[in-house]
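1. fold the stuff below for me.
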Amino acid sequence: MLASIAQCSPKCYHASHPMPRTIAIIGAGAAGMMAAATILESHPDHVIHLFDKNPSLGRKVVISGGGRCNVTTGITDRKVLMTKYTRGAQFLSHALTAFTPARVRSWFEQHGVPLKCEEDLRVFPVSDDGNDVVRAFERVFRAHDVRTHLRDSVTTLTHDGANFVVTASSGIYSCDAVIVTTGGNAYRHTGSTGDGYDFARAFGHTITPLGPSLNSFETAQSWCKELSGLSMPDAQWSVTVDGTKHRVHGPMLFTHFGVSGPSTFALSSRIAFAPISKQQPLTVAWSPIADRDFQSWDEQFLSATQENGRKHVLTFLAQTLPRRLASTLLTLAAIHEDTTLANLTKELRKRLIHLLSGELSLTFLSRRAGDEFVTAGGVVLDEVDPTTMQSRLRPGLFFAGEVLDVDGVTGGFNLQASWATGRLAGTHAAQ
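-> From the prediction side, this is the model:
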């Protein structure tokens, strides 16, 4: 069966009223939904076929942010925003300028989704319900009669010399343009299984190595697990991989399996391609407070000893660190909790301070399966026009979202990139 898309009426179309186009969008995640909405609101005569193998739209959007959906960021400084992308920052520059976080917030507000910006500058729906974000698109699609193909897998994408040919479970479709927004290969249970890479390769595109990003880690150290539930507001990680030193800091969390939290995710993004396993563990340096070096700790110890040498070291540390962590660090330094500052020898003091200031090593045994909700790597960016998201190899073929070799740290930056690239692809595919 050949489903003919973009059947045009015989009336005359002028430059101000271009002939309706038929556009297939493969993947109904953040980028795909935004691309479709952009086309419909600017060119309501165009015919949109939106394919997704899931039974509902935006499945990954709904579960992001723990179900709250971290829509975007409250950061307005462009230079700061660009530092939040581990890969593809320069490529994203045009898209993020055209559809800034502020404009993203405005778009959702105008489409019936009130938003709030929290203290850490993460932006969520006021309802804390990711379903509200998807419902905004559903309203747009109902108003414009989008041809939504749910539970419909696209198996091949080709070009017959005149049009693109989309072969799906439901049939074969001919169209003027295609936007590939299939996501990466993370969170495979949401349908992000990497199909888009095969579609890209079919037109000569190159795919970079792929790796998991924004994941937690299982650690060999049992004391990490014993501190489960304890968080640090600004811890620091440091590791050298393939000759490159990576240092990140921010909030982190001890868990029943090891470590997690924003700074842990940021580190995982930097080392997404490093092999980590029980057979090939990775040793990482950790310190509980990022801006404290050896000298500052040493000065604080000496000052406190002069002021009240009878104070226990544990009591002194618990003024700055959670008591459970302070007790653990003393154990690791082989210092009894009842030791007073005055009785703390120079050797023991230095041993403890070294642990406090970045010489405490953690051994990563594995990335937590299922935690990696962003894929590092994707379609090579040199093969895509950053001002349009159109393929440089095949006119009429567009890419947006996580299928590209772009990814950022946690905090709404990956959804922001998907909204922005999806909007840019939709704008230019419509033209």
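2. what comes up buried for whichever strand or helix holds Met232?
-> In the assignment (DSSP states H and E), Met232 maps to strand 231-241. Neighbour-count burial for strand 231-241 flags 232, 235-239 (criterion: 16 or more other C-beta atoms under 10 Å). For glycine as for every other residue, the C-beta is placed from the backbone atoms N, C-alpha and C.
3. now do stretch 160-171
-> Neighbour count says stretch 160-171 has 163-166, 168 buried, by 16+ other C-beta under 10 Å.
4. restricted to strands, list these.
-> 164-166, 168 (DSSP state E).
5. show me where the stretch 301-431 of the chain has helices.
-> 313-317, 323-332, 346-356, 413-430 (DSSP state H, counting those that start in this stretch).
6. indicate which one of these is closest to Gly112.
-> Nearest of those to Gly112, taken as C-beta to C-beta: helix 413-430 at 16.2 Å.
7. just checking, what packs against that closest one?
-> For helix 413-430, the elements it packs on are helix 30-42, strand 72-73, helix 89-98, helix 101-110, strand 177-180, strand 397-399, strand 407-408, judged by 3 or more C-beta pairs under 8 Å, 6 or more residues apart in numbering; DSSP states H and E.
8. can you put the buried residues of stretch 160-171 in a markdown table and add pLDDT and distance to Arg392?
-> A markdown table is the format used below for these (pLDDT from 0 to 100; distance: C-beta to C-beta, whole Å):
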| residue | pLDDT | distance to Arg392 |
| --- | --- | --- |
| Asn163 | 97 | 20 |
| Phe164 | 98 | 16 |
| Val165 | 98 | 21 |
| Val166 | 98 | 21 |
| Ala168 | 97 | 26 |
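9. helix, strand or coil for the closest residue to Pro233 other than its chain neighbours?
-> Excluding the flanking residues, the one nearest Pro233 by C-beta to C-beta, 6 or more residues apart in numbering is Pro251, at 5.5 Å. Following DSSP: H, G, I helix; E, B strand; the rest coil, the label given to Pro251 is strand.
10. count of neighbours near Pro251?
-> Around Pro251 there are 18 other residues, counting by other C-beta atoms under 10 Å.
11. isn't it up against Phe265?
-> No. Judged on C-beta atoms under 8 Å, Pro251 makes no contact with Phe265 at a distance of 9.9 Å.
12. tell me the pLDDT of the closest residue to His111 other than its chain neighbours.
-> Excluding its sequence neighbours, the residue lying closest to His111 (C-beta to C-beta, 6+ apart) is Ala136, at 4.1 Å. You'll see Ala136 listed with a pLDDT of 98.
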